[in-house]
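J.: show me the folded form of this:
(one chain, ligands or ions: 1)
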Amino acid sequence: RAWRAQVITLFPEAFPGTLGLSLTGKALKDGLWQLNTVPLRAFGEGKHRNVDDTPAGGGAGMVLRPDVMGAAIETARATQHAGAPLVYLSPRGRPFTQGMARDLATRPGITLICGRFEGLDQRVIDHFNIAEVSIGDYVLTGGEIAAQVMLDAIVRLLPGVLGNAESAEEESFSDGLLEHPQYTRPAEWQGRAIPPVLLSGNHGAVETWRRAESEKLTQERRPDLWQAHLGTED
Ligand code: ADE
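T.: Predicted coordinates for the structure are as follows:
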């Protein structure tokens, strides 16, 4: 029983996208996870397969019809593992975090709902008790890219997807600090040298330097993460 992603979308051709490449693509081919798209258009009403209508109360844009989305969700649910959460990608959602990705990777799968236009009829959200998740404070034209962001972050945490070296690296975000800078050969490039400590062979000194760089970077760029990090120290 592989971890199963389902995506309800008007643009099934947007998938797998980059999820079909590199690590996530290899894992998909190896059967470590599955990806099913549910084409919303197929559930549309009438000859033109209409999926949306004007907002009640007036205003700009269009709203996805609850009957159409409801039918798509029921169909998705029939082929999803029991206990897989239903998530609607929306800028109104709770912010997506690494902690959320870690939790979602322990579930049997996920069903993602991609909106377009002004959004989803609120009754569908209430009826199916759908969780709303945002990938950040900006507005995309639709949920497809946001769904791919979530899936990429979750799939790399599934057992067997990353090698041991990379899984250890995930730990460094778990301490709540930003990553230290990295360097590789050549030792000098455009008049810039690799920090000598990294070539010293002194592993203790390297660790101390990296930790200091991580802390400095976090303080400068992410005072919010820095405060949270301080709060988790004994
Ligand atoms: N759909 C449109 N904007 C979005 C965002 N920021 N996060 C998730 N889904 C979205």
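J.: where does this structure come near the ligand, residue by residue?
T.: Residues of the chain found near the ligand (Cβ under 6 Å from any ligand atom) are 89-91, 134-136, 138-140, 143, 146. Every C-beta, even on glycine, is put in place using the N, C-alpha and C of the backbone.
J.: I'd like the next helix or strand past the longest strand anywhere in the chain.
T.: Looking across the chain with DSSP state E, the single longest strand is strand 86-95. As assigned by DSSP states H and E, the chain's next helix or strand after strand 86-95 is helix 98-104.
J.: run the angle between the following helix or strand past that following helix and strand 86-95 for me.
T.: Counting by DSSP H and E, the next helix or strand C-terminal to helix 98-104 is strand 109-114. Per axes from the mean of the first three to the mean of the last three Cα atoms, to 10 degrees, the angle that strand 109-114 makes with strand 86-95 is 70 degrees.
J.: point out where this protein drops to low pLDDT.
T.: Scanning the chain for pLDDT under 70 picks out the ranges 168-172, 174.
J.: which element is the residue nearest in space to the middle of it on?
T.: Nearest to the geometric centre of the chain sits Met150, at 1.4 Å (Cα atoms, centre = their mean). When elements are defined using DSSP H and E, Met150 is found to belong to helix 144-155.
J.: which residues sit against that helix?
T.: By Cβ atoms under 8 Å, 6 or more residues apart in numbering, the residues outside helix 144-155 that reach it are 3, 5, 7, 9, 11, 14-15, 17-19, 24, 27, 32-33, 35, 87, 89, 96, 98, 101, 104-105, 110, 112, 114, 133-135, 140, 161.
J.: could you rerun that using 7 Å?
T.: 5, 7, 9, 11, 14, 17-19, 24, 27, 33, 89, 96, 101, 104-105, 112, 114, 133, 135, 140, 161 (Cβ atoms under 7 Å, 6 or more residues apart in numbering).
J.: quick revisit: now neighbour count too, for the residues of the chain next to the ligand, in CSV please.
T.: Below are those laid out as CSV (neighbours: other Cβ atoms under 10 Å):
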residue, neighbour count
Leu89, 26
Ser90, 22
Pro91, 16
Ser134, 18
Ile135, 20
Gly136, 11
Tyr138, 7
Val139, 8
Leu140, 18
Gly143, 30
Ala146, 23
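J.: now tabulate those in JSON lines and tack on distance to Ala42.
T.: Output for the residues of the chain next to the ligand, formatted as JSON lines (distance: Cβ to Cβ, whole Å):
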{"residue": "Leu89", "distance to Ala42": "20"}
{"residue": "Ser90", "distance to Ala42": "22"}
{"residue": "Pro91", "distance to Ala42": "26"}
{"residue": "Ser134", "distance to Ala42": "27"}
{"residue": "Ile135", "distance to Ala42": "26"}
{"residue": "Gly136", "distance to Ala42": "30"}
{"residue": "Tyr138", "distance to Ala42": "30"}
{"residue": "Val139", "distance to Ala42": "27"}
{"residue": "Leu140", "distance to Ala42": "23"}
{"residue": "Gly143", "distance to Ala42": "18"}
{"residue": "Ala146", "distance to Ala42": "22"}
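J.: just those now: which is nearest Met69?
T.: Gly143 (12.2 Å; Cβ to Cβ).
J.: isn't that closest one right up against Leu89?
T.: Yes - the pair Gly143 / Leu89 is scored as a contact, 3.3 Å apart, by Cβ atoms under 7 Å.
J.: longest helix in this protein, please.
T.: helix 203-221 (DSSP state H).
J.: what's the neighbour count on Asn36?
T.: 16 (other Cβ atoms under 10 Å).
J.: neighbours around the closest residue to it other than its chain neighbours, how many?
T.: Spatial nearest neighbour of Asn36, chain neighbours left out: Gln6 (4.8 Å); criterion: Cβ to Cβ, 6 or more residues apart in numbering. Look at Gln6: counted by other Cβ under 10 Å, it has 25 neighbours.
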